[in-house]
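Peer 1: next input, structure requested:
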Amino acid sequence: MKFQAHGRVQVRAEPELLVIDADGPGNAELLQEYQLQVAAYREQLSGQPWGLLMNFNGDVLLTADALDLLQESIARSKAAGMCAVAIRILDCSCPSLVKGIWDKVYEQAKLPNAYFDDESSARQWLGQQLMAVTE
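Peer 2: Down below sits the predicted model:
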């Protein structure tokens, strides 16, 4: 049975950076939309190290099947040069739960990740991570 996508995701690319704005919670159908959006941008960034800036609004939790799809997508992004993930959690009722889930996701992918309250700090950290892998 096909379900309607729950949540919202918007993706955009900048030099050396993929920016994702997501509202949750999300299901597998949302992750399928996400994969389609990310694929084109991933191709643009491929061949060089790049970072991911995730802006989460609300309780960005995922169903088990959505987490499986996410792991596949992260593996493809990592193979295309993604080397670090900065996460901002906004307007969340359970930030420690959300952080625990996303820590596990990126730990499994063996990708450094960190959480930030403001976008400028997140971008600065990503810049440092990119410099470290290109030295």
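
Peer 1: from here on, just use CA atoms for contacts and neighbour counts.
Peer 2: Fine.

Peer 1: hey, which helix is longest across the protein?
Peer 2: In the chain, assigned by DSSP state H, the helix with the most residues is helix 28-45.

Peer 1: starting at the chain centroid, how far to that helix?
Peer 2: Its chain's C-alpha centre lies 11 Å from the corresponding centre of helix 28-45 when counted by C-alpha atoms, centre = their mean, to the nearest Å.

Peer 1: show me what it is packed against.
Peer 2: Under the contact criterion of 3 or more C-alpha pairs under 8 Å, 6 or more residues apart in numbering; DSSP states H and E, helix 28-45 touches strand 8-14, strand 17-23, helix 64-79.

Peer 1: tell me which helix or strand of this protein sits lowest on mean pLDDT?
Peer 2: helix 28-45 (a mean of 83; mean pLDDT, DSSP states H and E).

Peer 1: got the angle for that helix vs helix 64-79?
Peer 2: Helix 28-45 runs at 0 degrees relative to helix 64-79, counting by axes from the mean of the first three to the mean of the last three C-alpha atoms, to 10 degrees.
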